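*Asks:* Next one to model:
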Amino acid sequence: MVKSKFAISIHILSLLSLSETEWLSSDMIAGSLNTNPALVRKELAALKEAGFVEGKEGKNGGSKLARPADSILLSEIFGLVKETHIFGFSPNLPNPNCAIGANINGALDHLFNEIDRSVYEQLKNITLAEFSARLVS
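*Replies:* Residues are numbered from 1 along each chain as shown. Below you'll find the model as predicted:
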């Protein structure tokens with residue numbers, strides 16, 4: 001499931017997109033997220049590895065976008081953080097001796113794939129710049 005990783009990544013990238021010329025510290029970003037800077041650094045590392053963010057160490061260091069916000073699609077971010085389906089399966093394995101239990105996960109997998117594709121298609125029409133602009137207007 002995507003859980004909160006998508007929301008956290010969008011939050012971080014939106015902050016960076018609205019502060020294009022500034023290097024933002026993980027402490028500053030953590031303050032906006034109301035979370036621990038260690039979590040922010042972990043997410044920044046993943047965003048950096050994916051080419052969304054660049055970092056600078058030292059007293060005046062921090063992070064900023066590695067690409068213009070208008071060239072980053074929300075679908076790219078979704079693809080980065082999506083580990084499995086948006087919706088998850090039941091933690092209990094269904095009864096294979098039941099007609100429904102034997103077939104439910106296969107049917108759900110097909111449905112979940114369609115939902116994931118639909119979400120991806122919607123997100124590929126929105127840039128980070130467009131999304132971030134909604135936050136300040």
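
*Asks:* P96: what secondary structure?
*Replies:* Following DSSP: H, G, I helix; E, B strand; the rest coil, P96 is assigned to coil.

*Asks:* contacting residues for it?
*Replies:* By CB atoms under 8 Å, 6 or more residues apart in numbering, the residues touching P96 are A102. All C-beta atoms are positioned from the backbone trio N, CA, C, and that covers glycine.

*Asks:* Also S26?
*Replies:* P37, V40, R41, L44, G62, S63.

*Asks:* mind redoing it with 7 Å?
*Replies:* P37, V40, R41, L44 (CB atoms under 7 Å, 6 or more residues apart in numbering).

*Asks:* Make a markdown table out of the residues you listed and add pLDDT and secondary structure.
*Replies:* Output for these, formatted as a markdown table (pLDDT from 0 to 100; DSSP: H, G, I helix; E, B strand; the rest coil):
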| residue | pLDDT | secondary structure |
| --- | --- | --- |
| P37 | 92 | helix |
| V40 | 94 | helix |
| R41 | 93 | helix |
| L44 | 96 | helix |
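
*Asks:* Please pick the buried ones from those.
*Replies:* Neighbour counting by 16 or more other CB atoms under 10 Å classes P37, V40, L44 among the contacts of S26 as buried.

*Asks:* what about this protein, any weak spots by pLDDT?
*Replies:* Residues of the chain meeting the criterion pLDDT under 70: 1-3, 137.

*Asks:* hey, where'd the helices end up in it?
*Replies:* Taking DSSP state H, the helices of the chain run over residues 5-17, 26-33, 37-49, 74-81, 99-123, 128-136.
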